[in-house]
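Undergrad: No letters, just coordinates:
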């Protein structure tokens, strides 16, 4: 997580989204939530990008989007809905030339979380320049005006998709994003694991 926190900080500073800090790291209270799953994508020995997925079951306050868009979420999402959120999607600016190789796997992690949780809705706070990507890949649409998230300095749109309508459609359009039951268990089982012989595996994980 320290590696992720440093990468987030570099990425956010590169677009002037956060103020300069002495520890050169970016974390938030959601990192420690039981429903948080943080992914780090590697190219060989180089960490390139990271993202985090959250899941809320009736408690929209468990989503980072609620910090800026609670009223919008309440307007669009029923109280008993299961909602998966993509957030903290960053690419290390030191290795931006390799970023296209890891964007798909990280998007895939969010789609698989939607499938595993039986999500009703998928949401994401998105910078204006990234709206077309989320719309094309995940069929998300903007559901509110751009707002500033606490802790950040750049405006973001709240985008939302209906998983019950669109998730299977996405997997049909891009079959390589679909996941086997074994892979799903490794990623989102009771204890998520990495391959034990992976060079970045931590003892006891």
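TA: Looks like it arrived, so ask away. Here the structure is a predicted model, which means the values were calculated and not measured.

Undergrad: List the contacts of residue 1.
TA: 27, 31, 38 (C-beta atoms under 8 Å, 6 or more residues apart in numbering). Using the backbone N, CA and C atoms, a C-beta is placed for each residue, glycine as well.

Undergrad: before we move on, what about residue 77?
TA: So residue 77 contacts 60, 83, 120-121, 160 (C-beta under 8 Å, 6+ apart).

Undergrad: By neighbours, which of those wins?
TA: residue 83 (26 neighbours; other C-beta atoms under 10 Å).

Undergrad: Quick check: that residue is in a strand.
TA: Yes - according to DSSP: H, G, I helix; E, B strand; the rest coil, residue 83 belongs to a strand.

Undergrad: from memory it sits against residue 59, does it?
TA: No - counting by C-beta atoms under 8 Å, residue 83 does not reach residue 59; the two are 9.4 Å apart.

Undergrad: Do you know the pLDDT at the closest residue to residue 79 other than its chain neighbours?
TA: Using C-beta to C-beta, 6 or more residues apart in numbering and skipping the chain neighbours, the partner closest in space to residue 79 is residue 58 (5.8 Å). pLDDT recorded at residue 58 is 85.

Undergrad: what about residue 58, how many neighbours?
TA: With other C-beta under 10 Å as criterion, residue 58 counts 12.

Undergrad: contacting residues for it?
TA: Residue 58 touches 79-81, counting by C-beta under 8 Å, 6+ apart.

Undergrad: Any of those buried? List them.
TA: Neighbour counting by 16 or more other C-beta atoms under 10 Å classes residue 81 among the contacts of residue 58 as buried.

Undergrad: As TSV, the contacts of residue 58 with distance to residue 6 and pLDDT would be great.
TA: Shown next, in TSV, are those (distance: C-beta to C-beta, whole Å; pLDDT from 0 to 100):
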residue	distance to residue 6	pLDDT
79	38	87
80	38	91
81	35	95
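
Undergrad: quick one: contacts for residue 120?
TA: 77-78, 81-83, 162-164.

Undergrad: Which two of those have the greatest separation?
TA: The span of the contacts of residue 120, defined through C-beta to C-beta, is set by 78 and 163 at 13.3 Å.

Undergrad: Among these two, which residue is more densely surrounded?
TA: A side-by-side neighbour count of residue 78 and residue 163, using other C-beta under 10 Å, places residue 163 first with 22 against 10.

Undergrad: ok, and the closest non-adjacent residue to the more buried one?
TA: residue 119 is the one closest to residue 163 (C-beta to C-beta, 6+ apart), at 4.4 Å.

Undergrad: Closest to the centroid, which residue in this structure?
TA: residue 86 (2.9 Å; C-alpha atoms, centre = their mean).
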